[in-house]
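Undergrad: Sequence and computational prediction follow.
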Amino acid sequence: MMGKRILLIVGGGIAAYKSLDLVRRLRERGFSVRVVLTEAGSQFVTPLSLASLSGQEVHQELFSLTAEARMGHIELSRDADLVVIAPATADLLAKAAHGHANDLASTLLLATDKRVLAAPSMNLRMWLHPATQRNVATLRGDGMLFVGPGDGAMACGEYGPGRMAEPLEIVAAVEAALAGDTTIPLPFAKPGPLAGLRVIVTSGPTHEPIDPVRYIANRSSGKQGHAIAQAAAAAGASVVLVSGPVTVPDPAGVNTIHVETARQMLEAVEASLPADIFIGAAAVADWRVGAALAEKLKKGASGPPTLGLVENPDILATVASHAQRPRLVVGFAAETEKVIDHAQAKLARKKCDLIVANDVSPATGVMGGDANTVHLVSKSGVETWPTLPKAEVAQRLVAQLAARMGEGGA
Ligand code: C5P
């Protein structure tokens, strides 16, 4: 769950003090946490505490020109992998159930394309009131997830249901929610040649640790893979992008899973199956250090260390021979010589349907650049495209894949 981003809305309830601990617990587990504090919430905890614990600016106002200039509220609502409301007060739930958008928190809840996990907290009569129960049923129907409330003694002196779940229970619910697809599809089928299809794309390099500070990597920027994920989403597909460490932003409308190593990439890809199309555009490191060191390697009298390398799993070959093999499996072949020969060999060896081959010798500037010259190699032959911007290569590739799917397979 390293690197997953949580947008935490802190509502106005006495349980808000537990949300301070929740921020710590989430960060301990490697999540980044951006906090939105409602006006009522700020009566219970201060923006300064939340900013110190989250390490990020706390957002409070809908119509704040300065905050809006740095990050617009729509972007704020989409930038996270999961939205968490803790404490979720009766008022926040009522607003969300009825689609109000009259402050920052309610506007974000209406504008987000991500799942929302609510940790309700309120007096037991407020929780048991038919109005609240109606709102919760409506929100469940809309896809909102809930953790708690539990039974127990309340700050108001009564005893019963309404106590906010403990921070560690909320963390467990966050992890469970993130294990599934957290992007909420639009309620109408997106038109396009890939409508109704599921596509998995890998992109970027992988980082293979040597010790806590060093790693093995390559020059892949993720530009081509990300452009393909975006083009597939624009063509109506539901897209999971499994990305290694890159600096390019997550494409809009795509469920992006961030990983570091080849093994994590394989795990995320397998967890995302079944799919109709798999596109392996990542430059997966072929080898990793067999036993990465827990402590930083030191220079010493014994001379340079020997890195015992072991082979990484081949994600493309694994998917192509998987029990849940997608109908179309597409690989990339980045070569510096005999581009087409190598691509043809790879097509057969990895049992994929199509190889997109490109010349990445340094003179071409493909690695990290914005243009690409590719050859499409399949059983039916080789098709060479002119040098095109990566976004256009992506669109053409997606159109070609849609045509192949339409023909009833590879
Ligand atoms: O074998 P080579 O790395 O040249 O093959 C490139 C293709 O195989 C790419 O599509 C890449 O994403 C995929 N690959 C993989 N897992 C590996 C190595 C490569 O999925 N361990």
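TA: Looks like it arrived, so ask away. All of these numbers come straight from a predicted model, not from anything done at the bench.
Undergrad: going forward, measure contacts and count neighbours with C-alpha atoms only.
TA: Fine.
Undergrad: Give me the residues contacting the one helix or strand Ile74 maps to.
TA: Ile74 belongs to helix 73-78 when elements are defined using DSSP states H and E. With contacts defined as Cα atoms under 8 Å, 6 or more residues apart in numbering, helix 73-78 is touched by Leu7, Leu62, Leu104, Thr107, Leu108, Leu109, Ala111, Thr112, Asp113, Lys114.
Undergrad: Mind doing that once more with 7 Å?
TA: Contact partners of helix 73-78, identified using Cα atoms under 7 Å, 6 or more residues apart in numbering, comprise Leu108, Ala111, Thr112, Asp113, Lys114.
Undergrad: Which is the succeeding secondary structure element to it?
TA: Using DSSP H and E, the helix or strand that follows helix 73-78 in sequence is strand 82-88.
Undergrad: For that next one, which strands pair with it and how are they oriented?
TA: strand 5-10 (parallel), strand 116-120 (parallel) (DSSP bridges).
Undergrad: Output those strands as JSON lines; include the columns distance to Asp211, mean neighbour count and mean pLDDT.
TA: Below are these laid out as JSON lines (distance: least, Cα to Cα, whole Å; neighbours: other Cα atoms under 10 Å; pLDDT from 0 to 100):
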{"stretch": "strand 5-10", "distance to Asp211": "25", "mean neighbour count": "24", "mean pLDDT": "97"}
{"stretch": "strand 116-120", "distance to Asp211": "36", "mean neighbour count": "26", "mean pLDDT": "97"}
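Undergrad: Turn those into JSON lines, including distance to the ligand.
TA: Shown next, in JSON lines, are the strands paired with strand 82-88 (distance: least, Cα to the nearest ligand atom, whole Å):
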{"stretch": "strand 5-10", "distance to the ligand": "26"}
{"stretch": "strand 116-120", "distance to the ligand": "32"}
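Undergrad: I'd like to know which of these lies nearest to Leu388.
TA: Closest of the strands paired with strand 82-88 to Leu388 is strand 5-10, at 33.8 Å (criterion: Cα to Cα).
Undergrad: Across the sheet, point out what pairs with Pro389.
TA: Applying DSSP bridges, one finds that Pro389 bridges with Ala371.
Undergrad: typo on my end, Ile257
TA: For Ile257, the beta-bridge partners are Val242 (DSSP bridges).
Undergrad: so it makes contact with Ser243?
TA: Yes: contact status for Ile257 versus Ser243: in contact at 6.1 Å, counting by Cα atoms under 7 Å.
Undergrad: of the two, who's got more company?
TA: Ser243 (26 against 22; other Cα atoms under 10 Å).
Undergrad: and that one, what does it touch?
TA: Ser243 makes contacts with Thr202, Ser203, Gly204, Thr256, Ile257, His258, Val259, as judged by Cα under 7 Å, 6+ apart.
Undergrad: backbone phi and psi for the nearest residue to the third one once chain neighbours are set aside, please?
TA: If I follow you right, that is Gly204. Excluding the flanking residues, the one nearest Gly204 by Cα to Cα, 6 or more residues apart in numbering is Gly222, at 3.8 Å. Backbone torsions of Gly222, given as degrees, to the nearest 10, read phi 90, psi 0.
Undergrad: Touching, Gly222 and Thr247? I think so.
TA: No: using Cα under 7 Å, Gly222 is not in contact with Thr247, being 8.1 Å away.
Undergrad: Which one of the two is surrounded by more residues?
TA: Higher neighbour count among Gly222 and Thr247: Gly222, with 25 against 10, using other Cα under 10 Å.
Undergrad: returning to what we had before: out of the contacts of Ser243, who has the most neighbours?
TA: Within the contacts of Ser243, most neighbours by other Cα under 10 Å means Thr202, with 31 neighbours.
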